[in-house]
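> fold the stuff below for me.
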Amino acid sequence: ACTGMRSLQLNYLNLRSNSCAALRDVFPQMATIRELVLTGNSLDDDCTRLLAQGLSDCKKIQSLNLCDNRISDDGLDVLIQGLPESVEALDLGGNEVTLAQQIPLLRLKVLDLWGNILSLDGPRVIAASLANPECRLEELNLNRCNIGDEGAAILASGLRNNQRLTKLAILATRNAITETGWNEFLPILCDATSINATHGSN
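Below you'll find the predicted structure:
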């Protein structure tokens with residue numbers, strides 16, 4: 001095996017369970033890997049489980065890109081629970097994540113969920129993590145996630161006391177957020193309750 005490999009990209013190869021099982025057996029020999037990109041391979045939750053098993057011993061891996069696959073909430077939960085603590089960035093854009101179940105999103109620094117059509121409970125799950133003092137998220141991409149005005153209000157509430165998040169991407173396109181929803185973020189972006197508060201929030 002390539003024991004000195006730091007980055008591996010296997011994109012649009014239509015990987016199946018047997019391929020993921022083979023990767024699972026190889027990963028423990030790739031102790032130096034830092035980045036893994038498996039974009040556009042139709043990976044499902046079963047494949048995700050195999051990958052997480054194989055990567056559990058890769059203690060230096062920092063970034064995992066699994067965008068444009070078929071991973072659902074169950075797969076995300078497997079990744080959150082099974083990946084090494086060294087993983088800081090996870091890209092699950094363009095998958096089937098809905099966040100219809102309570103999944104803690106505390107351990108990652110960068111999370112991309114663009115293009116996943118979130119359930120009505122999705123923003124609530126994210127907000128609960130953002131409001132948790134143990135949340136490490138610094139960058140969060142929610143473009144094209146069908147957030148809506150109600151979801152925007154919930155996210156804004158979760159951000160009220162968050163001191164870590166530095167980048168939040170929520171394009172209006174396919175998020176159905178109107179002026180009403182955007183206004184929920186104003187007190188966070190600019191606290192106008194006093195001169196000192198205004199200064200501190202800018």
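> give me the element the residue nearest to the spatial centre of the chain is part of.
Closest to where the C-alpha atoms of the chain average out (CA atoms, centre = their mean) is L111, at 2.8 Å. L111 is part of strand 110-112 when elements are defined by DSSP states H and E.
> with L36 instead?
Assigned by DSSP H and E, L36 falls in strand 35-37.
> and the contacts of the very next helix or strand once past that strand?
Using DSSP H and E, the helix or strand that follows strand 35-37 in sequence is helix 45-55. Residues from elsewhere that reach helix 45-55, judged by CB atoms under 8 Å, 6 or more residues apart in numbering: 15-17, 20-21, 23-28, 36, 38, 41, 43, 61, 64, 66, 69, 71-72, 74-75, 78-79, 81-84, 87. Yep, even glycine has a C-beta here, placed from its N, CA and C like the rest.
> same thing but at 7 Å, please
15, 17, 20-21, 23-25, 27-28, 61, 71-72, 74-75, 78-79, 82-84 (CB atoms under 7 Å, 6 or more residues apart in numbering).
> ok, of those residues, which come out buried?
Among those, the ones that count as buried by 16 or more other CB atoms under 10 Å are 15, 20, 23-24, 27, 61, 71-72, 74-75, 78-79, 82-83.
> export these to TSV and append columns for distance to L142, secondary structure and pLDDT.
Compiled in TSV, the buried ones among the contacts of helix 45-55 are given as follows (distance: CB to CB, whole Å; DSSP: H, G, I helix; E, B strand; the rest coil; pLDDT from 0 to 100):
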residue	distance to L142	secondary structure	pLDDT
L15	27	coil	93
C20	28	helix	96
L23	29	helix	95
R24	30	helix	95
F27	30	helix	94
I61	24	coil	97
I71	17	coil	98
S72	17	coil	98
D74	20	helix	97
G75	18	helix	97
V78	21	helix	97
L79	18	helix	96
G82	24	helix	95
L83	21	coil	96
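> excluding its backbone neighbours, what's nearest P84?
K59 (5.3 Å; CB to CB, 6 or more residues apart in numbering).
> how about the one you found, secondary structure?
coil (DSSP: H, G, I helix; E, B strand; the rest coil).
> ditto for the one 5 residues further on
Secondary structure, three-state DSSP: L64 is strand.
> determine the number of other residues adjacent to it.
22 (other CB atoms under 10 Å).
> where in the protein is pLDDT low?
Along the chain, the model assigns pLDDT under 70 to residues 1, 173, 191-202.
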